[in-house]
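*Asks:* Provided below for reference: sequence and predicted model.
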Amino acid sequence: MASFKSNITVYRFYVNLFFILLLSISPVAFSQNQLQPKAPKSSLLKERTISSEDIFYKTNKEGSIALDMYSPKTTSAEKHPVLIYVHGGGWVGGDKIIHADSYIENLILKLVEKEYTVISINYTLVNKDIHFPNPIQDTKDAIRWVRKNADKYHFDTNNIGLFGASAGAHLSLLAAYTQDNEFVGAPELSSYSAKVNYVVNNFGPTDLNKLLHTRVGNVGAFFISLFSKKIVDLRGKLILGISGYDIKKDKKKVIKYFETLSPVTYADHATPTLTLQGNKDKIVPLKQSILLERKLEENEVQNKLTIVEDGIHGFGTTDKNYLNQLVDEMVDFIVSQRKTKPRNH
């Protein structure tokens, strides 16, 4: 019986890692444009919004990092609430470009119609030489940049939210749940708060140790290597890219660091959260979202998990009408979190 359970564990480990580690092999295919990797850049956003591209929001030793901004064309005395979008790509790929006929494009257009400004950011991607905390520092610095430039761009700093897909959802959750003194980035932005009102999570990793099976023992790793040494090697490279540590030599350091990079660790400081997750996702399993839901419930944090029937990672096979319903659910949640200024008496 013990042998049977061991074989099942190895099989699940192998299957999960096969799909997860496709991220390392082909990050672009798993970026935010997973719906249509070959789709052109959105033209509707240019037509229907005031778009400003390649605004540099910070500079670090890797270079300058840019964002794109989409604002309503209508003029209003009211300041615009802000949604910051963080793209996916396994932390190693992807970019801020919004592609045509994607549900991301649809979401942005609907929010701009409701007088929101939506910002899509780049962030530092990891590799064998560049690791965390750079990506999370960048994400939080984008929020700080919004506050710093509120008067210039007519931002409502009482109403800032985050929305991410896949790795971008992980960064959004981590940024939303951590305190201002955690993951501090550029000195020139550090005096501004990175607090947000809410976060929308689309199939994001919530526990990196469970996702990448860092606690599997040497015996388990040996059996998995019998199936495929390449899979085990790729897992090691992805862990090295994220953490800077070699899982073979520094297993305890990896596990401890991944705890600090896992949103579930900070559930006691979480903000209202909407999660959308497919039940056929083989890259980020549904149990990652269920774990987050349980942690948020334990800490009495407002949250909702919407399970997308037959949804794969990126919702690439989801019917368009169903996708529209999901977009409407996200828009409704975002609008429901809007805080109004107290009236003067």
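*Replies:* Received it, and whenever you're ready, just let me know what you need.
*Asks:* What ranges does the stretch 1-150 of the chain have for its strands?
*Replies:* Under the criterion DSSP state E, counting those that start in this stretch, the stretch 1-150 of the chain contains strands at 50-60, 63-71, 80-86, 117-121.
*Asks:* for those, which one sits closest to residue 173?
*Replies:* Across these, the minimum distance to residue 173, taken as C-beta to C-beta, is reached by strand 80-86, at 9.8 Å. (C-beta placed from N, C-alpha, C; glycine too.)
*Asks:* by contact count, what packs against that closest one?
*Replies:* Other elements packing on strand 80-86 under the criterion 3 or more C-beta pairs under 8 Å, 6 or more residues apart in numbering; DSSP states H and E are helix 103-113, strand 117-121, helix 134-148, strand 155-165, helix 167-177.
*Asks:* Could you export these as TSV, including mean pLDDT and distance to residue 243?
*Replies:* Below are those laid out as TSV (pLDDT from 0 to 100; distance: least, C-beta to C-beta, whole Å):
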stretch	mean pLDDT	distance to residue 243
helix 103-113	98	29
strand 117-121	98	22
helix 134-148	98	12
strand 155-165	98	20
helix 167-177	98	14
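*Asks:* among those, which is the most enclosed?
*Replies:* Sort those by mean neighbour count, taking mean count of other C-beta atoms under 10 Å, and helix 167-177 sits at the top with a mean of 29.
*Asks:* Nearest approach to residue 131 belongs to which of the strands of the stretch 1-150 of the chain?
*Replies:* With respect to residue 131, and counting by C-beta to C-beta, the nearest of those is strand 50-60 at 12.9 Å.
*Asks:* got the contact list for the closest one?
*Replies:* By C-beta atoms under 8 Å, 6 or more residues apart in numbering, the surrounding residues in contact with strand 50-60 are 45, 64-73, 121, 124, 134, 138, 141-142, 145, 185-186, 188-189.
*Asks:* Separate out the buried members of the residues you listed.
*Replies:* Applying a neighbour-count criterion of 16 or more other C-beta atoms under 10 Å, the buried members of these are 45, 65-72, 121, 124, 134, 138, 141-142, 145, 185-186, 189.
*Asks:* low-confidence ranges in the protein?
*Replies:* Along the chain, segments meeting pLDDT under 70 span 1-38, 217-230, 341-345.
*Asks:* picking that back up, for the helices and strands packed on strand 80-86, which one sits closest to residue 197?
*Replies:* strand 155-165 (5.4 Å).
*Asks:* partners of that closest one in the sheet?
*Replies:* Here strand 155-165 has these sheet partners by DSSP bridges: strand 80-86 (parallel), strand 198-202 (parallel).
*Asks:* Which helix or strand lies directly C-terminal to the last one?
*Replies:* Scanning the chain past strand 198-202 towards its C-terminal end, the next helix or strand to appear is helix 208-211 (assignment: DSSP states H and E).
*Asks:* That following helix - contacts with which helices or strands?
*Replies:* Where contact means 3+ C-beta pairs under 8 Å, 6+ apart, helix 208-211 is packed against helix 251-260, helix 286-298.
*Asks:* ok, residues contacting the following helix or strand past the first one?
*Replies:* Read that as helix 251-260. Helices and strands here follow DSSP H and E; after helix 251-260, the next one along the chain is strand 273-278. Taking C-beta under 8 Å, 6+ apart as the criterion, the residues outside strand 273-278 that touch it are 173, 176, 198-204, 284, 286, 288-289, 292-293, 296, 301-308, 310-313, 315, 318, 326, 329-330, 333.
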